[in-house]
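Asker: here is a sequence together with a model predicted from it:
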Amino acid sequence: MRLFSMYSWNRERHVLSAYSYKFLGAPWAGGVVLLVCVAIAMLLANLPLTAEIYHNLLHTNLSLNISYGDHNFVFPKEMTLEKAINDGLMVIFFFTVGLEIKREILFGQLSSPKKAILPVVAALGGMLAPALIFSIFNIGTPAQNGWGIPTATDIAFAVGILSMLGRRVPISLKVFLTALAIADDLGAIIVIALFYSSDIHVSYIILSALCVMAMVIANTLKVRAKSFYVCVGLVLWYTMLNSGIHATIAGVITAFCVPASLKKGTGHYLERIRENVGKFPVIDIDDRHNTIVLTHDQIHTLKSIESAADKMISPLQDLEDNLHGLINFFIIPLFAFANAGIDMSQMSFGSLFSGVGLAVMLGLVLGKFLGVFSFSWLAIKLNIVKLPAHTTWKAFASVCVVCGIGFTVSMFIADLSYAGLGADGAALLAQAKLGVLVGSVVSALLGCFLLGRTLPKELK
């Protein structure tokens with residue numbers, strides 16, 4: 001009986017492990033984890049027993065206070081848990097965004113004008129229209145600085161929704177949406193750098209420039225050690241944190257400096273692998289399941305194959321691949337947990353139909369669609385580009401609706417827009433976050449419904 005129980009337990013464990021692996025590998029898995037964290041944050045922020053604990057946790061002081069004689073050194077200054085997530089961990093998120101952008105510019109959908117025109121034009125329209133709608137509602141008010149909030153598209157959510165529809169979605173539409181979201185991220189980075197930086201300190205700017213120069217020179221000299229770029233990137237993060245330029249920009253700049261090429265070229269390492277594999281004797285069919293004791297030379301040969309295989313992957317692709325799980329299943333969900341806890345006690349349902357909440361929601365749901373679709377339509381009608389292959393205008397318009405999902409970067413820009421404005425800023429921030437949440441959910445649901453109606457039942 002006990003043996004049977006152990007067998008059943010092991011079988012269930014393997015089944016659960018297989019399901020877990022399948023779930024974690026799904027493109028939409030990160031979105032599910034993120035939604036769970038949003039729900040938990042909302043509950044903790046509004047339940048009487050947990051609200052105070054939740055807010056006190058986010059404001060926990062993480063700064064190190066070092067005393068030396070009469071001197072007192074605080075590092076980093078005013079670093080709370082919330083700030084550590086938004087200004088620290090989110091640097092890693094923007095680092096991976098930078099890696100994606102660089103890869104697409106060098107080898108992907110932004111690598112040539114012909115490929116890049118449609119997604120870049122669409123992304124431009126998708127930023128201008130929401131910013132205009134927001135400004136119409138808030139120009140001349142204390143909330144006007146939040147015009148950048150509805151301009152972002154959340155790539156993980158948007159691509160995840162298309163993935164849920166499986167083979168019904170033409171590859172060309174997936175490529176278009178991915179390229180658009182990456183171009184949109186680049187636009188958001190430029191917006192953050194130009195419009196959400198303040199109190200510039202020249203000395204730290206000079207130190208930041210020296211860090212960038214060191215990485216550029218190292219790249220030119222074919223330095224491929226990932227640890228070098230990560231270490232210099234950490235120094236760059238600290239100097240930018242104190243420079244007045246938002247610290248997350250350090251992640252993007254570091255990513256742009258990470259080498260995307262190999263030291264000796266792909267062919268060199270492939271030949272090395274083939275040569276070393278050829279040194280092993282051909283194993284007889286009857287001996288395939290037997291364990292063979294390797295000689296010292298064979299062990300050395302295997303290590304040489306392993307080394308060559310590692311060197312075939314560029315530092316850029318290796319870092320991007322290794323950080324994918326950390327971003328989707330830890331950093332972004334943690335960011336959601338820290339930023340989605342909106343205190344609804346001082347708000348009403350009417351908050352969505354006035355001021356910042358309404359402007360953000362309309363910017364995402366209406367502005368994103370109008371901007372992306374109209375700019376794309378104009379470029380296609382002028383014969384500058386063509387409509388993505390194997391699709392229709394109705395399906396294309398449905399994808400444009402999905403672009404209104406702006407969760408992660410929109411939340412981030414909302415925090416930059418109203419941080420440091422006291423009680424009024426906190427109220428505006430809460431309304432903006434509510435607008436982001438509702439606008440993103442409406443865009444997701446509406447996009448799913450329209451895609452379900454406009455996409456073919458099966459691709460031929």
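Answerer: The structure has been received and is ready for your questions. Residues are numbered from 1 along each chain as shown.
Asker: list the contacts for I40?
Answerer: Taking Cβ atoms under 8 Å, 6 or more residues apart in numbering as the criterion, I40 is in contact with F337. C-beta coordinates here come from the backbone N, C-alpha and C atoms, glycine included.
Asker: quick check: which element contains it?
Answerer: Here I40 sits within helix 29-46, counting by DSSP states H and E.
Asker: likewise L262?
Answerer: In this structure, L262 sits in neither a helix nor a strand according to DSSP H and E.
Asker: give me the nearest residue to it, chain neighbours excluded.
Answerer: Residue nearest to L262 in three dimensions, not counting chain neighbours: S314, with 5.9 Å by Cβ to Cβ, 6 or more residues apart in numbering.
Asker: from the middle of its chain, how far away would the helix holding I40 be?
Answerer: Helix 29-46 has its C-alpha centroid displaced from the chain centroid by 17 Å (Cα atoms, centre = their mean, to the nearest Å).
Asker: average pLDDT for that helix, rounded please.
Answerer: In this model, helix 29-46 has a mean pLDDT of 84.
Asker: distance from whichever helix or strand comes after that helix to the middle of the chain?
Answerer: Next helix or strand after helix 29-46 toward the C-terminus (DSSP H and E): helix 51-58. Average the C-alpha atoms of helix 51-58, do the same for its chain, and the two points are 26 Å apart (Cα atoms, centre = their mean).
Asker: show the contacting residues for A129.
Answerer: When contacts are counted by Cβ under 8 Å, 6+ apart, A129 touches 363, 367-368, 370-371, 374.
Asker: before we move on, which element is it in?
Answerer: Element membership for A129, per DSSP H and E: helix 113-138.
Asker: swap in I66?
Answerer: When elements are assigned from DSSP H and E, I66 belongs to strand 64-68.
Asker: looking at that strand now, give me its mean pLDDT.
Answerer: If you average the pLDDT over strand 64-68, you get 70.
Asker: can you give me the helices for the stretch 151-300 of the chain?
Answerer: Counting by DSSP state H, counting those that start in this stretch, the segments of the stretch 151-300 of the chain that form helices are 155-164, 171-195, 202-220, 226-241, 248-257, 266-277, 296-311.
Asker: go through those helices and pick out the most buried.
Answerer: helix 248-257 (a mean of 24; mean count of other Cβ atoms under 10 Å).
Asker: that one vs helix 171-195, what angle?
Answerer: Orientation of helix 248-257 against helix 171-195 (axes from the mean of the first three to the mean of the last three Cα atoms, to 10 degrees) gives an angle of 130 degrees.
Asker: which residues are contacting helix 248-257?
Answerer: Contact with helix 248-257 is made by 87, 90-99, 101-102, 189, 192-193, 208, 212, 215-216, 218-219, 229-230, 232-233, 236-237, 239-241, 316, 412, as judged by Cβ under 8 Å, 6+ apart.
Asker: quick one: which of the contacts of A129 sit in strands?
Answerer: For these, membership in strands holds for none, with DSSP state E as the criterion.
Asker: for these, which one is nearest A308?
Answerer: Compare each of the contacts of A129 with A308 using Cβ to Cβ and the shortest gap goes to K368, at 46.0 Å.
Asker: what's the spacing between that closest one and V401?
Answerer: The gap separating K368 from V401 is 8 Å, by Cβ to Cβ, to the nearest Å.
Asker: which one of these two has more residues nearby?
Answerer: Here K368 and V401 are compared on neighbour count by other Cβ atoms under 10 Å; more neighbours surround K368, at 31 against 24.
Asker: quick check: K226 touching G233?
Answerer: No - in terms of Cβ atoms under 8 Å, K226 does not count as a neighbour of G233; the distance is 10.2 Å.
Asker: quick one: low-confidence ranges for this protein?
Answerer: Per-residue confidence of the chain (counting by pLDDT under 70) places the weak regions at 1-28, 67-77, 281-291, 346-352, 423, 458-460.
Asker: and the helix holding I40 with helix 51-58, angle?
Answerer: The directions of helix 29-46 and helix 51-58 differ by 120 degrees, with the same axes, to 10 degrees as the criterion.
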